[in-house]
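1. build me a model from this:
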Amino acid sequence: MTSDQIKLVQDSFREVVPIKDAAAALFYEKLFSIDGSLRALFVETDIKKQGAKLMAALGFVVHGLSRAETILPTVQDLARRHVGYGVEEHHYATVGQALIETLAAGLGEAFTQEVREAWAAAYGLLASVMIAAARDVQLAA
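-> Modelled structure (predicted):
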């Protein structure tokens, strides 16, 4: 990611924070509409609490993008835990799509092509790190 992309992600996320509860609810609505089978991963989950965790994790990652090396161990640990929850590699693309669609809806006109590309780069980085960590867990099993 470029420093300009990091700034775009961080600046646009500041616009999401005031609507974080609605954004989290919209994210899960979009996620389940894209792939209804993912609902099974959340059957015993309070989705409102899960949404708060999602937004906190996003905030942590977004804030740490300018020093990615400091957040990567936490992101890798998160991915390892997600393997135990039943998350599979192909789910990362679905999550990315739901995230981009949620940001587009939540930010409206502020979600420019540049902002979209910056978020795609950020999610691509995050997903690649998480997928690699998850593969390590699966290979060790």
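2. for the longest helix seen in the chain, buried residues please.
-> Ordering each helix of the chain by length in residues (DSSP state H) puts helix 113-140 first. Neighbour-count burial for helix 113-140 flags 115-116, 118-119, 121-123, 125-127, 129-131, 133-134 (criterion: 16 or more other Cβ atoms under 10 Å). Every residue, glycine included, has its C-beta placed from N, CA and C.
3. other SSEs contacting it?
-> helix 3-16, helix 47-64, helix 68-85, helix 91-107 (3 or more Cβ pairs under 8 Å, 6 or more residues apart in numbering; DSSP states H and E).
4. most tightly packed of these?
-> helix 91-107 (a mean of 18; mean count of other Cβ atoms under 10 Å).
5. any idea of the angle that helix forms with helix 3-16?
-> Following axes from the mean of the first three to the mean of the last three Cα atoms, to 10 degrees, one obtains 60 degrees for the angle between helix 91-107 and helix 3-16.
6. what's the mean pLDDT across helix 91-107?
-> Taken as a whole, helix 91-107 has a mean pLDDT of 98.
7. go on, stretch 121-130?
-> pLDDT averaged over stretch 121-130 gives 96.
8. who touches that stretch?
-> Residues external to stretch 121-130 that are found in contact with it (Cβ atoms under 8 Å, 6 or more residues apart in numbering): 1, 5-6, 9, 61-62, 65, 68, 72, 75-76, 78-79, 82, 92-93, 95-96, 99-100.
9. how about stretch 63-73?
-> Under Cβ under 8 Å, 6+ apart, the answer for stretch 63-73 is 1, 3, 6, 9-10, 60-61, 122, 125, 129.
10. next: stretch 37-56.
-> Under Cβ under 8 Å, 6+ apart, the answer for stretch 37-56 is 17, 20-21, 23-25, 27-28, 31-32, 85-87, 91, 94.
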